[in-house]
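> fold the following, please.
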Amino acid sequence: MMKSCLGILVLLFFLRCIECSFRCDYKYSTVAQAWFKHFVVPATWYDARLRCSLEGAILASPTTPEIEAEMTQILKNFFSSESEMFTGIHATFSQGDYSTVEGIPLSEIPTNWAEREPDNPGNKESCITINHHGDLADRSCKETRPYICYRSYTLEKKANECGTVDSEYRLDPRTKKCYKFHTEPRTFSRANFACYAEGGHLVIINSETEATVIRELFAKYPAFKMSGIFWKDVAFVGFSNWGEQGEFRTIHGQTLWEAGYANFSPGEPNNSTTGEECGAIYRTSLLIDLWCNNVYAFICEKDPKYPAVCNAHVNDTQTAVN
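Now for the predicted structure:
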């Protein structure tokens, strides 16, 4: 009887793992029971944490022996023996009070410190790295390091019709594209960062029909629904000046006419003060040039089929979900 019950539990676990799914650019580990994706291009701890969050994951920490083994194996496979990568363990809220981004205190995590670590020189090292031996060290959060994003299979939220776990993306049948309106303002560069991490890009308007879709989306977010002090009748979209004054192209390199929509508001683009080199849209769906380093709302566009969604299988292979 005991063996039968155990067998049923194991079968249920494996079935559950087979059913769980996430972005195909993540690899599923049946041992760690989680999805992992490593980033070779180094980033600050803050950008690493943000990118993982925007992708629907978290910045990985060695909270279990299985997760630690996966992290150190990635380090051995893809990085030099001297490399360290950021973990999600930090003390950015109060110096010395370390916990993971999901709130697990450092005291509850099995830790092996590297030699002479932690040392916190100048009281400026509030983020924790791991090396390929599994040893930890405290480092400045503003340094750049590679990192790993992680999503536990226990997070059962399934990808929606837009191919994402982010429920704010909605599919419009007229364009067969998905859109998300970000009311938290960012600079043009940071807006592009957010859209890309979410699996999309700043919206590129390709037709009058799509302009209508964006105008209707904008109308759902009146100014009183947006917190903060910024101009709330405009939003960044995906075009900018590509180096020559007035040479506005989409973020994919097309001229606005090639893309299919170039309807500027009367008198625009005017570069009224130096620096209006990034594209935006009024609530009317007419275009305007704005200051790239000012913060505004922005709109992301996502192809429902990208990135593809994969199932996790017990043999560690993945199958894309159509």
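> do you know the pLDDT at the residue lying closest to residue 105 once chain neighbours are set aside?
In space, residue 105 comes closest to residue 99 once its chain neighbours are excluded; the distance is 4.9 Å by C-beta to C-beta, 6 or more residues apart in numbering. For the C-beta atoms, the positions are set from N, CA and C on the backbone; glycine is no exception. As predicted, residue 99 sits at a pLDDT of 97.
> looks like residue 99 contacts residue 90 (just checking).
Yes: between residue 99 and residue 90 there is a contact under C-beta atoms under 8 Å: 7.4 Å.
> of the two, which one has the most company?
Remark: of residue 99 and residue 90, residue 90 carries more neighbours, 23 against 18, as counted by other C-beta atoms under 10 Å.
> helix, strand or coil for residue 97?
Taken by DSSP: H, G, I helix; E, B strand; the rest coil, the conformation at residue 97 corresponds to coil.
> show me the strands in the stretch 1-150 of the chain, by range?
21-23, 27-29, 34-43, 58-59, 84-90, 127-131, 136-139, 145-152 (DSSP state E, counting those that start in this stretch).
> so which of the ones you listed is nearest residue 241?
Across the strands of the stretch 1-150 of the chain, residue 241 has its closest neighbour in strand 34-43 (25.4 Å, C-beta to C-beta).
> mind listing what's buried along that closest one?
By 16 or more other C-beta atoms under 10 Å, the buried positions in strand 34-43 come out as 34, 35, 36, 37, 38, 39, 43.
> next, the angle strand 145-152 makes with that strand.
Between strand 34-43 and strand 145-152, the angle comes out at 160 degrees (axes from the mean of the first three to the mean of the last three C-alpha atoms, to 10 degrees).
> what is strand 34-43 packed up against?
For strand 34-43, the packing partners by 3 or more C-beta pairs under 8 Å, 6 or more residues apart in numbering; DSSP states H and E come out as strand 21-23, strand 27-29, helix 45-54, helix 65-78, strand 145-152.
> same list, those, but as JSON lines with mean pLDDT, mean neighbour count and distance to residue 137 please.
Shown next, in JSON lines, are the helices and strands packed on strand 34-43 (pLDDT from 0 to 100; neighbours: other C-beta atoms under 10 Å; distance: least, C-beta to C-beta, whole Å):
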{"stretch": "strand 21-23", "mean pLDDT": "85", "mean neighbour count": "23", "distance to residue 137": "30"}
{"stretch": "strand 27-29", "mean pLDDT": "93", "mean neighbour count": "20", "distance to residue 137": "24"}
{"stretch": "helix 45-54", "mean pLDDT": "98", "mean neighbour count": "20", "distance to residue 137": "13"}
{"stretch": "helix 65-78", "mean pLDDT": "96", "mean neighbour count": "17", "distance to residue 137": "13"}
{"stretch": "strand 145-152", "mean pLDDT": "96", "mean neighbour count": "23", "distance to residue 137": "11"}
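> out of those, flag the one nearest residue 200.
helix 45-54 (10.3 Å).
> list of residues touching the closest one?
Outside helix 45-54, the residues that touch it by C-beta atoms under 8 Å, 6 or more residues apart in numbering are 39, 43, 58-60, 86, 88, 90, 92, 101, 127, 141-143, 145, 147, 149-150, 193-194, 197-198.
> also stretch 126-142?
44-46, 62, 68, 71-72, 75-76, 79, 81, 83-87, 89-92, 95, 98, 106, 111-114, 117-120, 124-125, 145.
> alpha carbons only: can I get that stretch in PDB?
What follows is stretch 126-142 as a C-alpha-only set of coordinates in PDB (Å, rounded to 0.1, in the frame of the first residue of the first chain):
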ATOM      1  CA  SER A 126      25.000  45.200  -0.700                       C
ATOM      2  CA  CYS A 127      24.500  42.500  -3.300                       C
ATOM      3  CA  ILE A 128      25.700  38.900  -3.300                       C
ATOM      4  CA  THR A 129      27.400  37.000  -6.100                       C
ATOM      5  CA  ILE A 130      28.100  33.200  -6.500                       C
ATOM      6  CA  ASN A 131      31.000  31.600  -8.200                       C
ATOM      7  CA  HIS A 132      31.300  28.200  -9.900                       C
ATOM      8  CA  HIS A 133      32.200  26.500  -6.600                       C
ATOM      9  CA  GLY A 134      29.000  27.800  -5.000                       C
ATOM     10  CA  ASP A 135      30.900  30.300  -2.800                       C
ATOM     11  CA  LEU A 136      29.300  33.600  -2.100                       C
ATOM     12  CA  ALA A 137      30.800  37.100  -1.900                       C
ATOM     13  CA  ASP A 138      29.400  40.600  -1.300                       C
ATOM     14  CA  ARG A 139      29.800  43.000  -4.200                       C
ATOM     15  CA  SER A 140      28.600  46.500  -5.200                       C
ATOM     16  CA  CYS A 141      25.200  46.400  -6.700                       C
ATOM     17  CA  LYS A 142      26.300  49.000  -9.300                       C
END
